[in-house]
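Engineer: Here is a sequence together with a model predicted from it:
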Number of protein chains: 2
Amino acid sequence: MGRSITVRDVAAAAQVSPATASRALAGHPSVNPEMARRVLKASRELGYSANVFARALRTQRTDTIGMVVPSISNPYFVAAVEAVEQVLAETDRSLILCDSRDTVATEAARIDLLVGRRVDGLIVVPVSAHDSVPALRTAAAEVAVTQFDRIAEAAGTDFVGGDNDDGVRQCVEHLRERGCRTFAYIGARPTTSTADERLRAFRRFAGDGVAPDRGFLLGEFNAEWGREAARTLLDDGPLPDAIVCGADVIAVSLLTTLRAAGVEVPRDVKLVSYDDSSMGQLTVPRLTSVHQPVDSMAREAVRLLDGRREDGSLPARKSIFAPDIVVRESTGT
Amino acid sequence: MGRSITVRDVAAAAQVSPATASRALAGHPSVNPEMARRVLKASRELGYSANVFARALRTQRTDTIGMVVPSISNPYFVAAVEAVEQVLAETDRSLILCDSRDTVATEAARIDLLVGRRVDGLIVVPVSAHDSVPALRTAAAEVAVTQFDRIAEAAGTDFVGGDNDDGVRQCVEHLRERGCRTFAYIGARPTTSTADERLRAFRRFAGDGVAPDRGFLLGEFNAEWGREAARTLLDDGPLPDAIVCGADVIAVSLLTTLRAAGVEVPRDVKLVSYDDSSMGQLTVPRLTSVHQPVDSMAREAVRLLDGRREDGSLPARKSIFAPDIVVRESTGT
DNA sequence: TCGGGACGGGGAATCGATTTCTCAGTCGAG
DNA sequence: CTCGACTGAGAAATCGATTCCCCGTCCCGA
């Protein structure tokens, strides 16, 4: 674990000043090609690699962006993370990932951590449409921030998300085509923008098709809630023709629990969900689910960050992407 | 996004030298309590927070450790990550998480990245018992490294893992108690130490109970392989009394596919698995699975890292933890 | 031939926090 | 009363990479 090599060493080996060595390594045009060659050679031979901290200290840039998601147990977020990482890799930047455990306090702590690490930008899937605002606001004062998938409006940052209204419309339409007349919605309480938008959209598009009794069941974005919702549904009178689910994490355990109780899907009840995650393909039947173009969304999120770094005074921008329903067996005939 | 406050500012506000301010903030004893109070007060009022890079540059410490796992889609690794993060939080350190996509090349890149970021230590779940060695060796020359769960022996680093032999023994023993006589093993090819050890242990403990024909099916640690293995199993003659599965990620899709084909678990075949992950509780029936004490293992991993930082010349140490089978419905009577 | 401009490259300052070094001042012992 | 040990605090060096500033050189046109 000996002392590592610095520009100074490279410079000495190439017989130039550290200043020139630095310029040569940065590919600065104002340096004699011959010297540049010598420097590059020396650098290679010595196995030089710049000290990240010294560089960050001087340039105020880290070539790193931070991402905070509510839970890395949710495959949809994992997909988002991977997509962002991919995009960053193209420009030799890297990602620091944090999990906020679906908790406002942890989220604030993680955001602070990343701001302290002087990341060049922050992509956050906020835990709460209201309570995430303070942390986001203070972060946005220091660094470029883009919210992803969900938005806490009042934070006033850029945003990339999906068109939930259209997604839910596609769900209901698809179910109607399959002959369904009565619908129930099982999702998360509207403390996040996505939960809220999907719920409203369902109300609007299902119209008087909302199952009279248990038409809405609202809980959390996790598997436990899916199980619980299934039990409630089973306890209580006849099933609707179809269930619209706010997220795959909920739908998977919902489906499993229903089937364990002898309910046949799609025969007894049809099921559509949201996120089109890997999880939804592990079930039998596989889930019909609304796909969002995560790769494009990730690219856009990074683009917005870069834009804001160039001009911090831009007004908050929103990019909304169109989703697409992917039909599988859970709504099969 | 104005310039932020430095020790110098705090020092000025408290009317002391920056040197004293630094000492006061570090809680150094050789500083007048009165002055210390003034400094702390000024620091608080100005909302001072030290520049991570300047500090790291000077102290050669980052209070950050890096972790590389093969896939954050595997809930077992997610649990490990969360456990490590928890332990680090106790000492105000933080974690940078990377996903190696189960690929040696990506793994090497991620390890390099983290070494470049001068993390204080590295916890790695290696992708391959052989091919992960080079990256681990070079990393270990620069920084403290602990391998977690799986080991690439030749890298010569510290290691924390579970006793796979004992875990598999518990599985087979439990199944025998439930009256099973013939067994199949479905796991990953022995390119990782865990896959290898579990396979060998199965061979040993199942003895002549190994199902004559399809007694071993070896693939990858992922869901796709579980599905495929299930199909193979279904295609081919009578089922064994029980299946021992090398990991929950495999078992879940295996189970789902079997049930979709009309096989009743545990009636027609019993199933035990490894990892006791959250996923295994989403299925019907829930999985009997071997639990490893992830929290203690995480704590130990961090302890080993800290030990090595103090004395880099220690011989490579191994800490092996005893697992415990958790019985659920998939092996029910 | 000489002055101005372009250009390449080196010295030194800079980014902040920490950690020597150094020294003034205090106290106790002889 | 004097000398040395000790305390506490400030000045300055340090960690490396980058970059501003400026100087020397060379070329070209007048």
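Structural biologist: Thanks, I have the structure now.
Engineer: where along chain A do the strands fall?
Structural biologist: Assigned by DSSP state E, chain A shows strands spanning A:64-69, A:94-99, A:121-124, A:144-148, A:158-162, A:183-188, A:216-219, A:242-245, A:270-274, A:288-291, A:318-321, A:324-326.
Engineer: The second one near chain B anywhere?
Structural biologist: Translated: strand A:94-99. Yes - using C-beta under 8 Å from any C-beta of the partner chain, we find that strand A:94-99 touches chain B at A:94, A:96, A:97, A:98, A:99. Using the backbone N, CA and C atoms, a C-beta is placed for each residue, glycine as well.
Engineer: repeat for the fifth one
Structural biologist: No - judged by C-beta under 8 Å from any C-beta, strand A:158-162 makes no contact with chain B; its nearest approach is 15.0 Å.
Engineer: Quick one: list the elements packing against that strand.
Structural biologist: Other elements packing on strand A:158-162 under the criterion 3 or more C-beta pairs under 8 Å, 6 or more residues apart in numbering or on different chains; DSSP states H and E are strand A:144-148, helix A:193-206, helix A:294-310, strand A:318-321.
Engineer: likewise the last one?
Structural biologist: Contact analysis of strand A:324-326 by 3+ C-beta pairs under 8 Å, 6+ apart lists helix A:164-177, strand A:288-291 as its packing neighbours.
Engineer: For those, give me CSV that also has mean neighbour count.
Structural biologist: Listed next are the helices and strands packed on strand A:324-326 as CSV, based on neighbours: other C-beta atoms under 10 Å in any protein chain shown:
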stretch, mean neighbour count
helix A:164-177, 20
strand A:288-291, 24
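Engineer: Can you check which of these gets nearest to chain B?
Structural biologist: Nearest to chain B among these is strand A:288-291 (16.1 Å), distances taken as C-beta to the nearest C-beta.
Engineer: other SSEs contacting the closest one?
Structural biologist: When contacts are defined as 3+ C-beta pairs under 8 Å, 6+ apart, strand A:288-291 packs onto helix A:164-177, strand A:270-274, strand A:324-326.
Engineer: Chain A against DNA strand D: which residues are in contact?
Structural biologist: Contact residues (C-beta under 7 Å from any atom of the strand) of chain A with DNA strand D: A:3-4, A:6-8, A:18-19, A:22-23, A:25-26, A:48, A:50-51, A:54-55, A:57-59.
Engineer: one more time with 6 Å, if that's ok
Structural biologist: Proximity of chain A to DNA strand D is confined to A:3, A:6-8, A:18-19, A:22-23, A:25-26, A:50-51, A:54-55, A:57-59 under the rule C-beta under 6 Å from any atom of the strand.
Engineer: Low-confidence bits of chain A, can you list those?
Structural biologist: A:1-3, A:333 (pLDDT under 70).
Engineer: Could you chop it up by domain?
Structural biologist: For chain A, automatic domain parsing gives the domain ranges A:1-60, A:164-292+A:325-331.
Engineer: Mean neighbour count, those domains: which tops it?
Structural biologist: Counting by mean count of other C-beta atoms under 10 Å in any protein chain shown, domain A:164-292+A:325-331 has the highest mean neighbour count of the domains of chain A, with a mean of 21.
Engineer: Pull the distance from that one to the chain's centre.
Structural biologist: Remark: domain A:164-292+A:325-331 is offset 21 Å from the chain centroid, using C-alpha atoms, centre = their mean, to the nearest Å.
Engineer: Run through the residues that contact residue A:174.
Structural biologist: Contact partners of residue A:174, counting by C-beta atoms under 8 Å, 6 or more residues apart in numbering or on different chains, are A:272, A:288, A:325, A:327, A:331.
Engineer: Switch these over to TSV; also include distance to residue A:179.
Structural biologist: Listed next are the contacts of residue A:174 as TSV, based on distance: C-beta to C-beta, whole Å:
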residue	distance to residue A:179
A:272	14
A:288	14
A:325	16
A:327	14
A:331	10
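Engineer: circling back: let's have the strands of chain A in a markdown table, adding distance to residue B:266.
Structural biologist: Below are the strands of chain A laid out as a markdown table (distance: least, C-beta to C-beta, whole Å):
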| stretch | distance to residue B:266 |
| --- | --- |
| strand A:64-69 | 36 |
| strand A:94-99 | 34 |
| strand A:121-124 | 44 |
| strand A:144-148 | 42 |
| strand A:158-162 | 41 |
| strand A:183-188 | 29 |
| strand A:216-219 | 30 |
| strand A:242-245 | 29 |
| strand A:270-274 | 26 |
| strand A:288-291 | 30 |
| strand A:318-321 | 45 |
| strand A:324-326 | 33 |
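Engineer: So for residue B:160, which of the ones you listed sits nearest?
Structural biologist: Closest of the strands of chain A to residue B:160 is strand A:94-99, at 21.4 Å (criterion: C-beta to C-beta).
Engineer: who touches the closest one?
Structural biologist: A:63-72, A:81, A:84-85, A:88, A:106, A:110, A:113-114, A:117, A:119, B:81-82, B:85, B:96-98, B:113.
Engineer: What distance do you get for the closest residue to residue A:233 other than its chain neighbours to residue A:272?
Structural biologist: Nearest residue to residue A:233, sequence neighbours excluded (C-beta to C-beta, 6 or more residues apart in numbering or on different chains): residue A:214, at 6.3 Å. According to C-beta to C-beta, to the nearest Å, residue A:214 stands 17 Å off from residue A:272.
Engineer: hey, what's the residue in the stretch 151-300 of chain A that DNA strand D sits nearest to bridged with?
Structural biologist: For the stretch 151-300 of chain A, the residue closest to DNA strand D is residue A:158, as judged by C-beta to the nearest atom of the strand, at 26.1 Å. Beta bridges link residue A:158 to residue A:146, judged by DSSP bridges.
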